[in-house]
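Asker: What follows is a predicted protein model with its sequence.
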Amino acid sequence: ALAVHRETVRRVAIVDFDVHHGNGTEACVHNLVPTERSEVWESSFGVVSAKLSDFKPWLSSKDADRVFFGSIHGFGAEADDE
């Protein structure tokens, strides 16, 4: 909605009713703000490490201020019905 109707839509709310974790909804908003991660690889030449920056805004650097993401989790321990 934010990309298609940029002239009229100013903010977007995404509410995820999650019954199993890992379906990608959270991943689509994770990189709206710059994040940094480190990775380490071992090779025959030694240990190689790298710091990687992830930042993938949808429209601009202000996207994080315009998107609300809420996740309601329905997985985990079940209640005892007795």
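Answerer: Noted; the coordinates are in hand.

Asker: how about the strands in this structure?
Answerer: 12-18, 35-43, 46-54, 67-73 (DSSP state E).

Asker: now the third one, how far from the chain's geometric center?
Answerer: Counting by C-alpha atoms, centre = their mean, to the nearest Å, strand 46-54 is centred 21 Å from the centre of its parent chain.

Asker: I'd like to know which elements it is packed against.
Answerer: When contacts are defined as 3 or more C-beta pairs under 8 Å, 6 or more residues apart in numbering; DSSP states H and E, strand 46-54 packs onto strand 35-43. Yep, even glycine has a C-beta here, placed from its N, CA and C like the rest.

Asker: Could you tell me the angle between the strand it packs on and strand 46-54?
Answerer: Taking axes from the mean of the first three to the mean of the last three C-alpha atoms, to 10 degrees, one finds that strand 35-43 is oriented at 160 degrees with respect to strand 46-54.

Asker: Show me what counts as buried in stretch 4-24.
Answerer: V12 (16 or more other C-beta atoms under 10 Å).

Asker: on contacts alone, who are the packing partners of the lengthiest helix in the chain?
Answerer: Counting by DSSP state H, the longest helix found in the chain is helix 25-30. For helix 25-30, the packing partners by 3+ C-beta pairs under 8 Å, 6+ apart come out as strand 12-18, strand 67-73.
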